[in-house]
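1. predicted model follows, preceded by the sequence.
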Amino acid sequence: MQSKITLKDLANLAGVSISTVSKALNNSPEIGVNTRNRIKEIADSYNYVPNNIARSLKSKSTKIIGVIIPAILLEFFSKVLYGIETEATRLGYKIIICLSNESHQKEIESIDTFINGSVDGIILSVAEETQKNKNYSHFEKSLKYNLPMVMFDRVIDDIACDKVTVDDFDGAFKATKFLSEIGCENIAFLNVISNISVGQLREQGYVSAMAELKKDTIILNPEHYNLIEKELLNIFKNRKVDAILAADEYSAVLAMNVARINGYSIPEDISVIGFTNGLISEHAIPSLTVVSQHAENIGKQAVTTLINRIEDKTSELEPINKVVKTNIVERNSTKRI
């Protein structure tokens, strides 16, 4: 394999100094146009690629942000990622994306990759496995290296870094009250994600609202999506249910399907609300009423928060926690008042 050509090689080929080559490739006005063009032609002919790591060591900046997300197929994270990428590009940064696939070990490996100086900071949402085992040493290691970090959505309170969170408690609280206001008396909460922080906060919001309404709670915590049908049928058989608040979008759509297959009309018999305002919700039959988390805005806020830390524009010494409020997007899966 042919070895990569270096600045020194280009300097020898052009008969100039390494400094002249570097300035020419960066369009410095100190170098004449003819010399600049000649050096660029030589660089192109030898397929020269800049050594970004060496450049970053010199400038102490890569203009690159590392991003770690737990899942790419969930539309919420896709929308957050879109917000991250568009805002980073606008502010002159590139992104490198790592996928933890909800794995603690993959999350550790991603952090280790970024600690080596390849990025200026990290944006991440914590993997499900990490939240289960409560082992956060890799995050602490990142902070020891003075690598700025912003957690979003799924965050660890014990880690002293900036955070951008959704008010999941309030979102579930408002959704439960909304179902009561449209006449629902027996509201069930379906929570497949009860082992991660956002699922727990949404369940707490539901429980708090039901207590305020003086209604009995009906909570389903299936361990997997393929157990939703079994648990719902058991509830339908033993309890009267006229509304379901699901902790995520996919569960809500599955709940509607199970209800319809078993003779219930949506929303006449059972009203349904989910979280995340994605394409699945919009195109479900009937279309799903949702608690919108404004995912794209979360991504943009995470980027601006991180870059302010990177570029020392943040006056606060203590970590910042930005909270994004939710709102209900009403569609056809809930009754009208």
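-> Looks like it arrived, so ask away. Residues are numbered from 1 along each chain as shown.
2. all helices for the stretch 101-250 of the chain, in order.
-> 104-115, 128-133, 137-144, 168-181, 197-213, 228-238, 249-261 (DSSP state H, counting those that start in this stretch).
3. need those helices in CSV (columns: mean pLDDT).
-> Converted to CSV, the helices of the stretch 101-250 of the chain look like this (pLDDT from 0 to 100):
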stretch, mean pLDDT
helix 104-115, 94
helix 128-133, 95
helix 137-144, 92
helix 168-181, 98
helix 197-213, 97
helix 228-238, 96
helix 249-261, 97
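4. possible to save the ones you listed as a markdown table with mean neighbour count and distance to Ile31?
-> In this view, the C-beta of every residue, glycine as well, is placed from N, C-alpha and C. As requested, the helices of the stretch 101-250 of the chain are exported to a markdown table (neighbours: other C-beta atoms under 10 Å; distance: least, C-beta to C-beta, whole Å):
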| stretch | mean neighbour count | distance to Ile31 |
| --- | --- | --- |
| helix 104-115 | 19 | 35 |
| helix 128-133 | 18 | 50 |
| helix 137-144 | 15 | 40 |
| helix 168-181 | 22 | 56 |
| helix 197-213 | 20 | 54 |
| helix 228-238 | 15 | 66 |
| helix 249-261 | 21 | 56 |
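5. turn these into TSV, columns for distance to Asp153.
-> Listed next are the helices of the stretch 101-250 of the chain as TSV, based on distance: least, C-beta to C-beta, whole Å:
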stretch	distance to Asp153
helix 104-115	14
helix 128-133	11
helix 137-144	15
helix 168-181	9
helix 197-213	6
helix 228-238	22
helix 249-261	14
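6. can you count the residues close to Ser287?
-> 14 (other C-beta atoms under 10 Å).
7. what's the spacing between it and Ala246?
-> 15 Å (C-beta to C-beta, to the nearest Å).
8. quick one: which of the helices of the stretch 101-250 of the chain is nearest Asn327?
-> With C-beta to C-beta as the criterion, Asn327 lies closest to helix 168-181 of these, at 8.2 Å.
9. let me see the residues that make contact with the closest one.
-> 187, 189, 198, 201-206, 208-210, 212-213, 215, 243, 245, 247, 271, 273, 275, 291, 293, 325-326, 328, 334, 337 (C-beta atoms under 8 Å, 6 or more residues apart in numbering).
10. got the CA positions of it in CSV?
-> Output in CSV follows, covering the C-alpha atoms of helix 168-181 (Å, rounded to 0.1, in the frame of the first residue of the first chain):
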residue,chain,number,x,y,z
ASP,A,168,-41.2,14.2,31.1
PHE,A,169,-42.9,14.3,34.5
ASP,A,170,-44.9,17.4,33.4
GLY,A,171,-45.6,15.9,30.0
ALA,A,172,-47.2,12.8,31.5
PHE,A,173,-49.0,14.8,34.2
LYS,A,174,-50.6,17.1,31.5
ALA,A,175,-51.5,14.2,29.3
THR,A,176,-53.3,12.4,32.1
LYS,A,177,-55.2,15.5,33.1
PHE,A,178,-56.1,16.0,29.4
LEU,A,179,-57.6,12.5,29.2
SER,A,180,-59.6,13.2,32.3
GLU,A,181,-60.9,16.5,30.8
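11. where does the stretch 1-150 of the chain have low pLDDT?
-> 1-4, 50-60 (pLDDT under 70).
12. what do you get if the cut-off is 90, keeping everything else the same?
-> Across the stretch 1-150 of the chain, residues meeting the criterion (pLDDT under 90) sit at 1-8, 10-11, 18-19, 21-29, 43-44, 46-62, 72-75, 115-118, 143-146.
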